[in-house]
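> Predicted structure and sequence below. I'll ask about it afterward.
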Amino acid sequence: MLTPLGRLDKYAASENVFNRQMVARSLLDTLREVCDDERDCIAVLERISRLADDSEPTVRAELMEQVPHIALFCQENRPSIPYAFSKYLLPIVVRYLADQNNQVRKTSQAALLALLEQELIERFDVETKVCPVLIELTAPDSNDDVKTEAVAIMCKMAPMVGKDITERLILPRFCEMCCDCRMFHVRKVCAANFGDICSVVGQQATEEMLLPRFFQLCSDNVWGVRKACAECFMAVSCATCQEIRRTKLSALFINLISDPSRWVRQAAFQSLGPFISTFANPSSSGQYFKEESKSSEDTSVEDKNRIRDQEVPEDVQIRPEDVSSDPSISNSSVKLENMVEEHAETSRKSPGEISVPMDSSLLCTLSSESHQEAASNENDKKPANYKSTLRPEGGTSSPDSALLDQELYNSFHFWRTPLPEIDLDIELEQGSGNILSPERPEETPEVTIPGSSNITMATRKELEEMIENLEPHIDDPDVKAQVDVLSAALRASSLDAREEASDAEKRSDGQDALGANELPNCKTTHDASVPLISDAVENMDSALRYIHNDSDLSTNSSFSPDEERRSKVQDVVPQALLDQYLSMTDPSRAQTVDTEIAKHCAYSLPGVALTLGRQNWHCLRETYETLASDMQWKVRRTLAFSIHELAVILGDQLTAADLVPIFNGFLKDLDEVRIGVLKHLHDFLKLLHIDKRREYLYQLQEFLVTDNSRNWRFRAELAEQLILLLELYSPRDVYDYLRPIALNLCADKVSSVRWISYKLVSEMVKKLHVATPPTFGVDLINELVENFGRCPKWSGRQAFVFVCQTVIEDDCLPMDQFAVHLMPHLLTLANDRVPNVRVLLAKTLRQTLLEKEYFLTSASCHQEAVEQTIMALQMDRDSDVKYFASIHPANTKISEDAMSTASSTY
């Protein structure tokens, strides 16, 4: 009989290719046989080296497939065969990287990556044996295919070998390969792996060495290279600083989005959302939810995007008594849902708005409702020292301050119309020239002066058009208030323009304090306090937007396209990127870019929303509503699966206003969309106010109805969610609304649904038992006994045993209560005429009930009843019943027994 080495030698020298393949395949087994003898192990490894010179490619490929397994064996037995891998195996792997046969090269590349991933190659060997060979294979005179594959290996191994080796040995050659003018395949591989290299070498090397190459690749004349750049853009962006990301990468990405090739544009739009997400700042994402404890208007002056879970800083204070100083403000019913940043952006361009930009360009403007909320919240926090101060650049005197207080809080300023951008009269322009910025004369029409001088900037014809547009909706009290103000403005417009201009000039000193923020060259000191109530002088642009859009009124003539564009302005990400993202819902994009572009937009929307922050939700609201009503159910399904995440980002107020209506629409959608809502039903409902949450109790029953009755997974998911929903509702709500659904699911046709429903009912019993009053729990138990314990169908009686088993296992009832309410009815099933019911009863009593300490130590009548029932089951005429009633619980568990519950009862 041949020894293992003799057998190896015999077949390795065979002329039959299949014999030599078998030798390569059996090398690991041979090593295990001779592992006790170090010499024999070395002899086998030497024969591996000879086998590596085989002329048949299939033999070499088979050998290379076994190398990772042999290397692992050598690592585990390293004391007996030290350095075996480095000396015998690694040279073979490296040599095969340049093999003439494609299959051999592929297997060697896979083997090398597997060895690196398992850390079987020493760092020294990587530097001295692997990297030099790869660098040589990527030389200009190397074979084209080998060069392309070597570049790919270098890129894939970079994350495994670490930053140091990558920077010293791989990065220089990688940069050269990015500029390979002869082969676009090499440049394409470099572009496809560019993000991995950037993430390994870090920010400094990326910005200094890699970004110039990346710019070249993004403008490559081969569209496949540009497409690869678009696909890895997010990874590259993550490795750069915010400034480069904003100034350079954004413009570069815009070029890719407008690329002549449709495939490049398609890849760019797919990466647009992820690229925008790289602009996210954890400190500005506002990851708190309940806004009762943190007003959305409390914004730190030092970062206009930062919303912290803390009180308003001292430089942003409110005088509570100013909140209700004017009845027209305190009684206002207009609900402007705009966040701080929305007002900040619109105040820069919307005429007629009063706000104060701080050193970080923070602009605080609030709706009338927001003033009241902020005042009430802040009054609780700082009732003593809440003051409102304003320090414009030049300062103000006390009479001017008094004038400011008098004119700041009146209904005319609050309700005044947005002033149209018209050319100023020469005389008026000269009269107010002392307060206009010489640097930005184009913003002159936006300068507003409180008082009647504002009115002279609008012609009588334009005011009449505004009133005419609002008259169809005069029944709305908010619209009526606007019409009254505009009518007064119309009457005031007949005043002499020169008189108004001179009056404005006289009061220019006093107006500096009020209008400082409207002047382009206005600056305020960092410690200047922002009077939030002064922002009650809201721009009518926001008010009208609420009335026309949110109230479903159709008058839009008050808005120009430019004003609508301004409503979507923010400064978290470059506006051009956001505009491109918002355009993904344009139907023309589906024709010119990608038919599923809307799905990609929906997929990345939560990330974009988190990046912009809830204060900029107004930029995405229209896009989200468009996606929610998209014709493709895949788009709506994507939104349905992420709506709970978006609710966390937006907070409870915006969720109730904007997401709840869409959520309700998804509830009535196709099953493919409803399942997304259902899978996260608990996650979404727990974010709602208790009153709003209770409204969905009436709709839970609708989930039992599906488009396809065979869709049992839908009902199984409903049962899973109902278990989680138990904690969100009161015992009465659980009993009135969830109980009927749970009992219905317990009688489902599909066993998987019933299994989950038993758990649901047991948890319901547990919740109702500890509730006050306990009658809900007793009534539920009685209903279980009546509907299932005494059910004429055997499957119902079997379900009752299952429920009792779950109640015992999960300790849903104290054992003394179980013995009183459920056990007597359970024991009566020992005489059931169906063996399957008795089998399950025997399992439950022997393997579940008798393991409880209450029945082990108690000498009560309950224990006697259980023992008598078990004795009766041990004498049952059915062999399976006798088996499970006789066996000791320690010997067999349900999940391990050949005749388990599932197999014996279904």
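Looks like it arrived, so ask away.
> quick one, what contacts the closest residue to residue 702 other than its chain neighbours?
Excluding the flanking residues, the one nearest residue 702 by CB to CB, 6 or more residues apart in numbering is residue 667, at 7.1 Å. Where you see a C-beta, it was placed from the backbone N, CA and C, and this is true even at glycine. Residue 667 sits next to 674, 677, 699, 702 when contact means CB atoms under 8 Å, 6 or more residues apart in numbering.
> repeat for residue 788
Contacts of residue 788 by CB under 8 Å, 6+ apart are 746, 796, 797, 799, 800, 803.
> hey, where'd the helices end up in the stretch 1-150 of the chain?
Using DSSP state H, counting those that start in this stretch, the helices found in the stretch 1-150 of the chain span residues 4-12, 17-25, 27-33, 38-51, 57-76, 84, 90-96, 102-117, 123-125, 131-137, 144-161.
> picking that back up, among the contacts of residue 667, which one sits closest to residue 90?
In terms of CB to CB, no member of these lies closer to residue 90 than residue 677, at 54.6 Å.
> quick one on the thing from earlier: mind putting the helices of the stretch 1-150 of the chain in TSV, mean pLDDT, mean neighbour count and distance to residue 642 included?
Shown next, in TSV, are these (pLDDT from 0 to 100; neighbours: other CB atoms under 10 Å; distance: least, CB to CB, whole Å):
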stretch	mean pLDDT	mean neighbour count	distance to residue 642
helix 4-12	83	16	59
helix 17-25	88	17	49
helix 27-33	86	17	47
helix 38-51	85	17	53
helix 57-76	89	20	40
helix 84	79	24	52
helix 90-96	92	20	45
helix 102-117	92	19	33
helix 123-125	91	13	43
helix 131-137	92	17	42
helix 144-161	91	21	29
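> Widest-spaced pair of the contacts of residue 788?
Greatest spacing in those, by CB to CB: 746 and 797 (12.0 Å).
> give the contact list for the spatially closest residue to residue 52 that is not a sequence neighbour.
Using CB to CB, 6+ apart and skipping residues adjacent in sequence, the residue nearest residue 52 is residue 92, 4.5 Å away. Contacts for residue 92 (CB under 8 Å, 6+ apart) come out as 48, 49, 52, 63, 64, 67.
> quick check, nearest of those to residue 593?
Relative to residue 593, and with distances defined as CB to CB, the nearest of the contacts of residue 92 is residue 64, at 43.2 Å.
> From residue 110, how far off is that closest one?
Distance, residue 64 to residue 110, using CB to CB, to the nearest Å: 8 Å.
> How about residue 194?
22 Å.
> and if you look at residue 885?
Taken as CB to CB, the span from residue 885 to residue 110 is 57 Å.
> do the same with residue 170
Distance from residue 170 to residue 110, counting by CB to CB: 19 Å.
> go on, residue 644?
To residue 110, residue 644 is 41 Å away according to CB to CB.
> next one: residue 215
33 Å.
> What of residue 190?
Using CB to CB, we find residue 190 at a distance of 21 Å from residue 110.
> Check residue 39 too.
Taken as CB to CB, the span from residue 39 to residue 110 is 32 Å.
> Pretty sure residue 600 sits against residue 268.
No: contact criterion CB atoms under 8 Å: residue 600 and residue 268 do not qualify, at 10.6 Å.
> Looking at the two, which one has more neighbours?
residue 268 (27 against 21; other CB atoms under 10 Å).
> Was I right to think that one contacts residue 256?
Yes: assessed by CB under 8 Å, residue 268 is found in contact with residue 256 at 4.1 Å.
> joint contacts of these two?
Both residue 268 and residue 256 are in contact with 230, 233, where contact means CB under 8 Å, 6+ apart.
> Poorly predicted segments of the stretch 401-550 of the chain, please.
401-463, 465-466, 469-470, 472-550 (pLDDT under 70).
> no no, the chain
Scanning the chain for pLDDT under 70 picks out the ranges 1, 78-82, 282-463, 465-466, 469-470, 472-567, 856-861, 887-906.
> What residues of the helix or strand where residue 716 lies count as buried?
Secondary structure from DSSP states H and E places residue 716 in helix 712-725. Buried residues in helix 712-725, counting neighbours by 16 or more other CB atoms under 10 Å, are found at 712, 714, 715, 716, 717, 718, 719, 720, 721, 722, 723, 725.
> Widest-spaced pair of those?
712 and 725 (19.9 Å).
> The helix or strand hosting residue 189 packs against which elements?
Using DSSP H and E, residue 189 sits within helix 184-192. Counting contacts by 3 or more CB pairs under 8 Å, 6 or more residues apart in numbering; DSSP states H and E, helix 184-192 is packed against helix 144-161, helix 171-178, helix 211-218, helix 223-231.
> outside of the longest one, which residues touch it?
Spelled out, it's helix 144-161. Outside helix 144-161, the residues touching it (CB under 8 Å, 6+ apart) are 97-98, 102, 105, 109, 112-113, 116-117, 123, 126, 130, 134, 137-139, 142, 166, 170, 173-174, 177, 183, 185-186, 189-190, 192-193, 196-197, 199-200.
> What of stretch 69-77?
27-28, 31-32, 35, 41, 48, 81, 84-85, 89, 115, 118, 120.
> If we use 7 Å, what do you get?
Residues from elsewhere that reach stretch 69-77, judged by CB atoms under 7 Å, 6 or more residues apart in numbering: 27, 28, 31, 35, 81, 84, 85, 89, 115, 118, 120.
> hang on, the earlier thing: now render the helices of the stretch 1-150 of the chain as a markdown table, adding distance to residue 588.
What follows is those, written out as a markdown table (distance: least, CB to CB, whole Å):
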| stretch | distance to residue 588 |
| --- | --- |
| helix 4-12 | 67 |
| helix 17-25 | 58 |
| helix 27-33 | 60 |
| helix 38-51 | 62 |
| helix 57-76 | 51 |
| helix 84 | 64 |
| helix 90-96 | 52 |
| helix 102-117 | 43 |
| helix 123-125 | 54 |
| helix 131-137 | 46 |
| helix 144-161 | 37 |
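> Among those helices, which comes closest to residue 609?
helix 144-161 (30.4 Å).
> What is the subsequent helix or strand relative to the closest one?
Taking DSSP H and E, what comes next after helix 144-161 is helix 163-165.
> Does that next one pack against any helices or strands, and if so which?
The contact analysis (3 or more CB pairs under 7 Å, 6 or more residues apart in numbering; DSSP states H and E) places helix 163-165 against no helix or strand.
> Around the nearest residue to residue 714 once chain neighbours are set aside, how many other residues sit close by?
In this structure, residue 714 finds its nearest non-sequential neighbour in residue 706, 5.1 Å apart by CB to CB, 6+ apart. By other CB under 10 Å, the residues close to residue 706 number 18.
> for residue 267, same thing?
25.
> and if you look at residue 749?
Around residue 749 there are 11 residues (other CB under 10 Å).
> how close does it sit to residue 719?
From residue 749 to residue 719 the distance is 14 Å (CB to CB).
> can you give me the helices for the stretch 701-850 of the chain?
With DSSP H, counting those that start in this stretch, the ranges of helices along the stretch 701-850 of the chain come out as 712-725, 731-733, 739-746, 751-769, 775-784, 794-809, 815-821, 823-827, 835-847.
> Could you do the stretch 501-650 of the chain as well?
508-515, 540-545, 561-566, 575-582, 587-592, 597-612, 618-628, 633-650.
> want to throw the helices and strands packed on helix 184-192 into JSON lines with distance to residue 628?
As requested, the helices and strands packed on helix 184-192 are exported to JSON lines (distance: least, CB to CB, whole Å):
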{"stretch": "helix 144-161", "distance to residue 628": "39"}
{"stretch": "helix 171-178", "distance to residue 628": "42"}
{"stretch": "helix 211-218", "distance to residue 628": "34"}
{"stretch": "helix 223-231", "distance to residue 628": "27"}
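> All set, thanks.
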